[in-house]
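>>> I'll drop the sequence and a predicted model, then ask my questions.
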Amino acid sequence: MRLTPTERDRLLIFTAAELARARRARGLRLNVPEATALIADTVCESARDGARLMESAAAGASVLTADDVLPGVVDIVREVKVEAVFDDGTRMVVVRNPFGSGGSLGSDAPGAVITAARQSSTPPDLVHLVATNTSDVPVSITSHFHFFEVNPRLSFDRAAAYGRRLAIPAGSALRFEPNVPTDVPLVPIAGARVAIGFAGLVDGPLDAPGAKEAALARAAAQGYLGAHS
């Protein structure tokens with residue numbers, strides 16, 4: 001049987017989750033890999049059963065409590081991220097506070113992460129667009145997706161969004177309800193500024209000569225709303 005790398009990863013999560021279930025059934029408290037695998041597997045199976053993204057995240061957050069894991073696990077595992085296959089495609093699911101509210105064992109627990117206070121600041125070159133979901137179902141866009149290439153039924157100024165991503169925390173998502181204008185904060189994609197994959201409208205360096213114009217032409221030809229040069 002030939003499996004893709006994604007399928008092998010999914011089986012690895014399932015195997016680790018089965019081990020976690022067996023140990024939990026014996027009355028053992030779970031460690032970090034076991035707890036993470038069980039939460040991730042619960043999310044993936046919920047998606048496979050037809051649940052929506054938020055429902056799957058809720059299922060993952062309800063499978064364990066602080067009493068089910070070893071001391072320090074609650075303070076180490078603050079969130080679990082996993083790509084799950086839904087009826088409408090693959091989505092990144094972020095399970096925050098995976099052991100329920102009030103489950104922290106304190107900053108003095110073994111392995112606890114003590115973070116310094118952070119000051120919020122406005123990202124440089126931040127722009128705001130208004131996007132409207134013209135489809136009949138909600139659409140969720142994750143933080144680092146090239147926003148220019150998102151769902152064709154989202155109506156907004158594609159040219160202004162070229163080379164940008166959502167200005168939201170990494171791994172999180174912005175939800176667009178049907179026919180509701182939504183404010184969209186965008187910042188430039190950093191690093192080497194190369195967009196590979198996504199919807200295939202760029203597939204190369206974002207700032208190459210003529211790349212933006214060619215991408216806009218492809219988007220317009222494929223019926224992406226708001227695509228105009």
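Thanks, I have the structure now. In this text the structure is predicted, and so the values were computed from the model without any measurement.

>>> can you pull out the helices in the chain?
Secondary structure of the chain (DSSP state H): helices located at 5-25, 32-48, 53-62, 73-76, 158-161, 211-221.

>>> I'd like those as CSV, with mean pLDDT appended.
Formatted as CSV, the helices of the chain follow (pLDDT from 0 to 100):
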stretch, mean pLDDT
helix 5-25, 93
helix 32-48, 95
helix 53-62, 91
helix 73-76, 91
helix 158-161, 95
helix 211-221, 94
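
>>> Take the ones you listed and write them to a markdown table, including mean neighbour count and distance to Gly171.
All C-beta atoms are positioned from the backbone trio N, CA, C, and that covers glycine. A markdown table is the format used below for the helices of the chain (neighbours: other CB atoms under 10 Å; distance: least, CB to CB, whole Å):
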| stretch | mean neighbour count | distance to Gly171 |
| --- | --- | --- |
| helix 5-25 | 14 | 17 |
| helix 32-48 | 22 | 13 |
| helix 53-62 | 19 | 12 |
| helix 73-76 | 22 | 17 |
| helix 158-161 | 20 | 20 |
| helix 211-221 | 17 | 26 |
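
>>> Any chance of TSV for those helices, columns distance to Glu177?
Converted to TSV, the helices of the chain look like this (distance: least, CB to CB, whole Å):
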stretch	distance to Glu177
helix 5-25	30
helix 32-48	20
helix 53-62	12
helix 73-76	33
helix 158-161	19
helix 211-221	23
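
>>> of all the ones you listed, which lies closest to Asp183?
Among those, helix 158-161 comes nearest to Asp183, with 13.1 Å by CB to CB.

>>> hmm, which helix or strand of the chain has the shakiest average pLDDT?
strand 89-96 (a mean of 89; mean pLDDT, DSSP states H and E).

>>> what lines up beside that strand in the sheet?
Strand 89-96 has its sheet partners listed here by DSSP bridges as strand 79-86 (antiparallel).

>>> Send me the partner strand as PDB with only the CA atoms.
Extracted in PDB, the C-alpha atoms of strand 79-86 (Å, rounded to 0.1, in the frame of the first residue of the first chain):
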ATOM      1  CA  GLU A  79      -2.700  24.900  22.100                       C
ATOM      2  CA  VAL A  80      -2.800  22.100  19.600                       C
ATOM      3  CA  LYS A  81      -2.700  22.600  15.900                       C
ATOM      4  CA  VAL A  82      -3.600  20.000  13.300                       C
ATOM      5  CA  GLU A  83      -4.600  19.900   9.700                       C
ATOM      6  CA  ALA A  84      -7.900  18.000   9.300                       C
ATOM      7  CA  VAL A  85      -9.800  17.000   6.200                       C
ATOM      8  CA  PHE A  86     -13.400  18.500   6.200                       C
END
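
>>> Show residues contacting that strand.
6, 13, 36, 39-40, 43-44, 46-48, 51-53, 56, 60, 90-98, 171 (CB atoms under 8 Å, 6 or more residues apart in numbering).

>>> in that strand, what counts as buried?
80, 82-84, 86 (16 or more other CB atoms under 10 Å).

>>> What count of nearby residues applies to the nearest residue to Arg29 once chain neighbours are set aside?
Distances taken as CB to CB, 6 or more residues apart in numbering place Leu70 nearest to Arg29, at 4.8 Å, with adjacent residues excluded. Applying other CB atoms under 10 Å, we find 18 residues neighbouring Leu70.

>>> Next up, the contacts around Leu70.
So Leu70 contacts 29-31 (CB under 8 Å, 6+ apart).

>>> ditto for Val94
57, 79-81, 171-173 are the contacts of Val94 under CB under 8 Å, 6+ apart.

>>> Against Glu83, how distant is it?
Applying CB to CB, to the nearest Å, one obtains 11 Å for the distance of Val94 from Glu83.
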